[in-house]
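K.L.:
predicted model, plus sequence, below.
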Amino acid sequence: AVNLYLFPWRREFGTIPTFSGAYVHLLRPALPEADLVRSLGRLGYERQDRHRLAVGQLPPGPALIAAAVGFLACRLECEILAELAPRLRWPRAEELLEARHRAGGAKECLEVLQDRGTQHRGAADCGDDVDLYRERPDSPEDTGSKDTAPPALWRDPRDVPTRGWGRCDSTLGPEPVGSTDPDTSSHLFPERELVGTSRSPQDSPQATPELPCYQLHSCLLRGMLPSYCCSTCRQLHGGGCTVGRACRSRHRGQELHGERQQRLWLQRTELDMLLAQGS
């Protein structure tokens, strides 16, 4: 737009090839074809054939300057939205745009989204009977068909400390696999052992495996809710935590959806830490 305004006689600005160059590598991956043609139409470009757009009638100078300012505003707005999106757990384009339109600045937009934003979508997945000690699928597709068996309790021996709640110490690690203590389990627990057997608790007091103990990462200050649970490190992380982002890519864990689930995990972990301090 600025080039057409300053140098209307330069022929290279009068034609845009649509088969190569910036149009193919920058514009087309970012915007639908119809939006590209409509936006470039503000500058007077018209489709000549399949391979090029050309200026038919050059718009007046004020219209070109207005278009240039509008495109610049769009670019800055996209940069703001791109900066906000990674700081949200489950951003949706509609909510992000609506909050940005209502809020006065980027910080206010983020606060609006965090207050009413992406957390409420996960609340429906976390009812009163939520079980924080069962694995949950990362997405609806992971659940499979209707007759899929219920999720099993965690069976990774690394997730099963051998001394129960009183064993929650700062090492965050299980005892050696080769331990001769009868309470130690180094194998993958069969599901029947986890769910329960026909024997009564009095007959088999050690039938149920002990549960993993978690800690809050230092990124979670007082009043903050966790957004990710790493079952490898056994720590809860906040949304903007760099360590949490590394855990997402390298470790096993789950996203915490909805304020209710986040608070339940927070309360459980605080209890773990209190028990660890008292042991």
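P.N.:
Sure, I can see it. Numbering: from 1, shown residues only.
K.L.:
rounded mean pLDDT for stretch 96-105, please.
P.N.:
The average pLDDT within stretch 96-105 is 74.
K.L.:
next SSE after the lowest-mean-pLDDT helix or strand in the chain?
P.N.:
One helix or strand of the chain scores below all others by mean pLDDT, DSSP states H and E: helix 191-195, with a mean of 40. For helix 191-195, the succeeding helix or strand toward the C-terminus, using DSSP states H and E, is strand 215-216.
K.L.:
who's in contact with that next one?
P.N.:
By Cβ atoms under 8 Å, 6 or more residues apart in numbering, the residues outside strand 215-216 that reach it are S170, L172, P226, R234, Q235, L236, L266, T269, E270, D272, M273, A276. Every C-beta, even on glycine, is put in place using the N, C-alpha and C of the backbone.
K.L.:
quick one: average pLDDT of the following helix or strand past that strand?
P.N.:
Counting by DSSP H and E, the next helix or strand C-terminal to strand 215-216 is strand 228-230. Averaging pLDDT along strand 228-230 gives 91.
K.L.:
cool, and stretch 247-266?
P.N.:
Rounded mean pLDDT across stretch 247-266 is 86.
K.L.:
tell me the phi and psi of H237?
P.N.:
Torsion angles at H237 (phi, psi; degrees, to the nearest 10) stand at phi -130, psi 150.
K.L.:
same question, E79
P.N.:
Dihedral angles (degrees, to the nearest 10) for E79: phi -70, psi -40.
K.L.:
point out where the stretch 51-200 of the chain drops to low pLDDT.
P.N.:
Low-confidence segments of the stretch 51-200 of the chain (pLDDT under 70): 89-91, 104, 112-200.
K.L.:
what's the helix or strand for L271?
P.N.:
helix 259-278.
K.L.:
quick check: buried residues in that helix?
P.N.:
For helix 259-278, burial by neighbour count (16 or more other Cβ atoms under 10 Å) applies to R260, Q261, Q262, L264, W265, L266, R268, T269, D272, M273, A276.
K.L.:
circling back to that earlier point, and which of the contacts of strand 215-216 is nearest to G21?
P.N.:
P226 (46.3 Å; Cβ to Cβ).
K.L.:
next, count neighbours for that closest one.
P.N.:
Under the neighbour criterion other Cβ atoms under 10 Å, P226 is assigned a count of 24.
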